[in-house]
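K.L.:
Could you work out the structure for the sequence below:
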Amino acid sequence: MAGPLAGIKVVDLSQIVSGPMAAAMLADQGADVIKVESPGGDPVRGLGPKKGDRSAMFIAVNRGKRGLSIDLKTDGGRQILERLVGWADVLIDNFRPGTMERLGFGSDRCAEINPRLIFASITGFGQNGPYRNIRVYDPVVQAVSGIAATQVDSEGRAQLVRTLVADKVTAVTMAQAITAALFHRERTGEAQRVDVAMLDAALAFNWPEGMYNHSFIDDAPPPAPEYGAMTRLWPCADGQVAIGMLQGVEFVALARALGLDHLAADARLATVGGRMQHQAEWAPQVAAAIAARTRDELMAGFIREGAVGGRVNSCAGVADDAQVQFNEIVVEIDHGADGRVRGARPPARFGRSPAAVAGPAPRLGEHGAAVLATLGYDAAEVVAFAAAGVLHG
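P.N.:
Next comes the predicted model:
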């Protein structure tokens, strides 16, 4: 069975992570995605461990796409892009504001070429505003959005989340927005432009708990402890675990899992307020009980009592976790001469139209001739484009 987006055609002009990851999610759900790169290729091809011209990061956010490398500074490159726009249902770019217009393919022009096109544009700070011309990477957005301010160190200084959280939440936001726009087009026949700024996506993502002390405007209640200050990892005999106890029943389950039945029976600890008030009494006992057990022993107790808890896995050990294996999250993709590459399967499970890893990521321009044939060019024209330096790979 085909995925839920089977038949949807996507032109992916984006690079790095935010746009490519959004397009890869669509590919996993069945869309035909053509990744269009300059002759120099997406910079992420060379970032981190790699084989040939495909890094592990590039593979993760570009799997399942067909690769086309053309020089958009040439008349032939622009001619090919115009035909791609006419072919596609969705175009994705994450260039700086004004770049598509300078190429001659702003949203208005693309709508003239293809009135049914969803024009999806990712920017760092938005199409307009005081920061519109600043070049943007993930750490900058973490800083401006307040995400870094929720990761303070022991001296209260802001710290970065050490993953591309702003890029990736932007990708998820854009993939959802594109499917919403496609649904609107299905119902009404209307195509539209969709804009997602990384700043907008990151701030919305951070708001629920990261900004809860800054939400009430009128007669604001006293501030609560910052959410991040109330969470930590707990050392155990062979590593660390995470635990939780927001609800009374969860504290009872945790105490029983640790053999601390007297804490489970203590009425003073039945509420969040009571546990905060008497933290100095119960927390050292919980810490000592955790420290005396291995992760396997702790997990057995958490499972038995239904407590909130999980082992802290190393990156290398994630794939060996019992639940990760049961969920069959980690899959292998054959990349030919480069061997097998591991990745995470699409997380959403569709009962009628299952998504699946669409296939390997393309080498630079790997499918150029095939893509041009899809667009109606004959073999002689393909050869001519290559000879003129328009088509690469």
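K.L.:
and after the lowest-mean-pLDDT helix or strand in the chain, which helix or strand comes next?
P.N.:
Lowest on mean pLDDT, DSSP states H and E among the helices and strands of the chain sits helix 272-277, with a mean of 90. Following helix 272-277 in sequence order, the next helix or strand is helix 279-291 (DSSP states H and E).
K.L.:
May I see the buried residues of that following helix?
P.N.:
For helix 279-291, the neighbour count (16 or more other CB atoms under 10 Å) marks 282, 286, 289-290 as buried. To be clear about C-beta, it is placed using only N, CA and C from the backbone, and glycine gets the same treatment.
K.L.:
Likewise for stretch 345-352?
P.N.:
By neighbour count with 16+ other CB under 10 Å, stretch 345-352 contains the buried residues P346.
K.L.:
What lies in contact with it?
P.N.:
Outside stretch 345-352, the residues that touch it by CB atoms under 8 Å, 6 or more residues apart in numbering are 1, 3-4, 25, 28-29, 328-331, 355-357.
K.L.:
How far does it stretch from one end to the other?
P.N.:
With CA to CA, to the nearest Å as the measure, stretch 345-352 spans 17 Å from end to end.
K.L.:
avg pLDDT for it?
P.N.:
Averaged across stretch 345-352, pLDDT comes to 93.
K.L.:
now that stretch, how far from the centre of its chain.
P.N.:
In terms of CA atoms, centre = their mean, to the nearest Å, the centre of stretch 345-352 is set 16 Å apart from its chain centre.
K.L.:
and V10, what helix or strand is that in?
P.N.:
Going by DSSP H and E, V10 is part of strand 9-12.
K.L.:
Show me what the mean pLDDT comes to for that strand.
P.N.:
On average, strand 9-12 scores 98.
K.L.:
Restricting to C-alpha, output the following helix or strand past that strand in CSV.
P.N.:
Remark: after strand 9-12, the chain's next helix or strand is helix 18-28, criterion DSSP H and E. Output in CSV follows, covering the C-alpha atoms of helix 18-28 (Å, rounded to 0.1, in the frame of the first residue of the first chain):
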residue,chain,number,x,y,z
SER,A,18,14.9,22.7,8.4
GLY,A,19,13.6,22.4,4.8
PRO,A,20,15.2,19.1,3.9
MET,A,21,13.8,17.4,7.0
ALA,A,22,10.3,18.7,6.3
ALA,A,23,10.6,17.4,2.7
ALA,A,24,12.0,14.0,4.0
MET,A,25,8.9,13.6,6.2
LEU,A,26,6.7,14.1,3.1
ALA,A,27,8.8,11.5,1.2
ASP,A,28,8.4,9.0,4.1
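K.L.:
picking up where we left off before, out of the contacts of stretch 345-352, name the ones that lie in strands.
P.N.:
Judged by DSSP state E, these include 330-331 as members of strands.
K.L.:
are any of the contacts of stretch 345-352 buried, and which?
P.N.:
3-4, 25, 28-29, 329, 355-357.
K.L.:
can I get the contacts of stretch 345-352 in CSV with distance to H278 and pLDDT?
P.N.:
Listed next are these as CSV, based on distance: CB to CB, whole Å; pLDDT from 0 to 100:
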residue, distance to H278, pLDDT
M1, 56, 52
G3, 52, 93
P4, 51, 96
M25, 46, 97
D28, 48, 96
Q29, 49, 96
E328, 43, 95
I329, 39, 96
V330, 42, 96
V331, 47, 95
A355, 48, 88
A356, 51, 86
V357, 50, 84
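K.L.:
and which of the contacts of stretch 345-352 is nearest to I122?
P.N.:
M25 (13.4 Å; CB to CB).
K.L.:
dump the residue contacts of that closest one.
P.N.:
Per CB under 8 Å, 6+ apart, neighbours of M25: 171-172, 175, 346.
K.L.:
Now for the nearest residue to R66 once chain neighbours are set aside, how many residues are close by?
P.N.:
Counting by CB to CB, 6 or more residues apart in numbering, R66 lies nearest to H367, which is 4.0 Å off, once chain neighbours are set aside. A count of nearby residues for H367, using other CB atoms under 10 Å, gives 19.
K.L.:
Repeat that for the one 3 residues further on.
P.N.:
Number of residues near A370 (other CB under 10 Å) recorded here: 14.
K.L.:
CA atoms of the least confident helix or strand of the chain as PDB?
P.N.:
Extracted C-alpha coordinates of helix 272-277, given in PDB (Å, rounded to 0.1, in the frame of the first residue of the first chain):
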ATOM      1  CA  VAL A 272       2.800  18.500  44.800                       C
ATOM      2  CA  GLY A 273       2.700  21.300  47.400                       C
ATOM      3  CA  GLY A 274       3.400  18.800  50.200                       C
ATOM      4  CA  ARG A 275       6.200  17.200  48.300                       C
ATOM      5  CA  MET A 276       7.800  20.500  47.600                       C
ATOM      6  CA  GLN A 277       7.400  21.600  51.200                       C
END
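K.L.:
ok, back up a step: can I get the buried part of the contacts of M25 as one PyMOL selection?
P.N.:
Those of the contacts of M25 that count as buried under 16+ other CB under 10 Å are selected in PyMOL with:
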select buried, resi 171+175+346
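K.L.:
returning to that earlier point: just the contacts of stretch 345-352 now: which is nearest G228?
P.N.:
Using CB to CB, the contacts of stretch 345-352 come closest to G228 at I329, 26.5 Å.
K.L.:
if we can go back for a sec, want to throw the buried ones among the contacts of stretch 345-352 into a markdown table with distance to R45?
P.N.:
Shown next, in a markdown table, are the buried ones among the contacts of stretch 345-352 (distance: CB to CB, whole Å):
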| residue | distance to R45 |
| --- | --- |
| G3 | 26 |
| P4 | 29 |
| M25 | 20 |
| D28 | 20 |
| Q29 | 24 |
| I329 | 25 |
| A355 | 25 |
| A356 | 24 |
| V357 | 19 |
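K.L.:
Name the member of those residues with the shortest distance to N213.
P.N.:
Within the buried ones among the contacts of stretch 345-352, proximity to N213 (CB to CB) peaks at M25, which comes in at 33.0 Å.
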